[in-house]
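In: pasting a predicted model and its sequence here:
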Amino acid sequence: DLWPAMRLIWFGFKKFYYLYLLRRKGLPGLIRNHLQACLDLELTRPLGEAEFVVFDMETTGLHAKRGDRIVSISAVRVKQGRIDLSDSFHEIVDPDRHIPSETAVIHGILPSMVHGKPTFEEVLPSFISYVGSSVLVAHHAWLDLSFLNQEMIRLYRFPIQSLVIDTALLDRVLRSKTSFYGGLELNSTLRATAERYHVRVEGHHSSFGDALATAQVFQQMLKLAKKQDILRLRDLLRRAYRPVSLGQETSSI
């Protein structure tokens, strides 16, 4: 399989790309700080010493390119394999557009709840600062990143550059090495994945509840990864990193 090796080559190329961008004049301060933080990431770091930010968001719909917007974003930090709830991130956001009743009934965020809340433009700098040089983690990461990058490009004409681990992809990779689940196509929703790792999902379809559940699942995945001799950050990224296209969308999850 050439993909793991190609991913490492891509990581190396991105560092040179960051250095090139940092030499450009007129780069917004937020983007400059973000790129510098990405440069500080050490891929050879043991997994037990790595730092991750597990995030989730709720939106007005599933289609960023069709005008759907973020209504809440939450994240928890995983440090040395432990979830640090004292260092979490949560914001309800005014999407500056109508919240359809069919989505409000899923995530429970009503139009009255976003009135007077900050816009995503106001929240984004705090979130980027919170992420720092950490690796981002999300379940079906491309969907969350399509919304995040839509906002990044709208505001800064620049997508997020943090490395990202998709727990849905990592689940398939880890299961392919086990005799019990290997080769089986199983339900990849967060709830179904959590059940496979004996994690109870509380507050499903709230951004904080789903971020916390994903972090707990990721904790168990790190333990299984260690048993499969995935010991360093670069080894994990080789297997579960997937570049995300801004244009990717879905009609169902």
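Out: On my side now, so go ahead.
In: report the rounded mean pLDDT for the host helix or strand of Ala194.
Out: Ala194 is located in helix 190-196, with elements delineated by DSSP states H and E. Mean pLDDT, computed over helix 190-196, is 94.
In: same thing with stretch 156-172?
Out: 93.
In: residues of that stretch that come out buried?
Out: 156, 158, 160-172 (16 or more other CB atoms under 10 Å). All C-beta spots, glycine's among them, are computed from the backbone N, C-alpha and C.
In: which ones among those residues map onto helices?
Out: Among the buried residues of stretch 156-172, the ones falling in helices (DSSP state H) are 156, 167-172.
In: which among those residues gets closest to Val137?
Out: Thr167 (6.3 Å; CB to CB).
In: so how far is Ser101 from the closest one?
Out: Noted for Thr167: a distance of 30 Å to Ser101, by CB to CB, to the nearest Å.
In: go on, Thr193?
Out: Thr193 is 28 Å from Ser101, by CB to CB.
In: more neighbours: those two, which one.
Out: Remark: of Thr193 and Ser101, Thr193 carries more neighbours, 24 against 10, as counted by other CB atoms under 10 Å.
In: relative to Phe218, how far out is that one?
Out: From Thr193 over to Phe218 the distance is 10 Å, taken as CB to CB.
In: what residues are shared contacts of the two?
Out: Residues within reach of Thr193 and of Phe218 at once, by CB atoms under 8 Å, 6 or more residues apart in numbering, are Thr167.
In: so Ala215 belongs to a strand, correct?
Out: No: counting by DSSP: H, G, I helix; E, B strand; the rest coil, one finds Ala215 to be helix, located in no strand.
In: count of residues packed around it?
Out: Ala215: 26 neighbours (other CB under 10 Å).
In: can you tell me the closest non-neighbouring residue to it?
Out: In space, and not counting its chain neighbours, Ala215 is closest to Val54: 4.0 Å by CB to CB, 6 or more residues apart in numbering.
In: can you tell me the strand partners of the helix or strand harbouring that neighbour and which way each runs?
Out: Element membership for Val54, per DSSP H and E: strand 51-59. With DSSP bridges as the test, strand 51-59 is paired with strand 70-79 (antiparallel), strand 135-138 (parallel).
In: what's the weakest-modelled helix or strand in this structure?
Out: Lowest on mean pLDDT, DSSP states H and E among the helices and strands of the chain sits helix 3-22, with a mean of 77.
In: next structured bit after that helix?
Out: helix 29-39.
In: show the pLDDT at Thr178.
Out: 65.
In: revised request: answer the last question for Ile109.
Out: Value listed for Ile109 in the pLDDT field: 97.
In: so that it lines up with my notes, have the first residue be 897 from now on.
Out: All set: I'll call the first residue 897, so the last point we hit is now Ile1005.
In: count of residues packed around the residue lying closest to it once chain neighbours are set aside?
Out: Nearest residue to Ile1005, sequence neighbours excluded (CB to CB, 6+ apart): Val967, at 4.9 Å. Neighbours of Val967 under the rule other CB under 10 Å: 27.
In: ditto for Leu1108
Out: Neighbours of Leu1108 (other CB under 10 Å): 23.
In: that one and Ile979 touch, don't they?
Out: Yes: taking CB atoms under 8 Å as the definition, Leu1108 is a contact partner of Ile979 at 7.4 Å.
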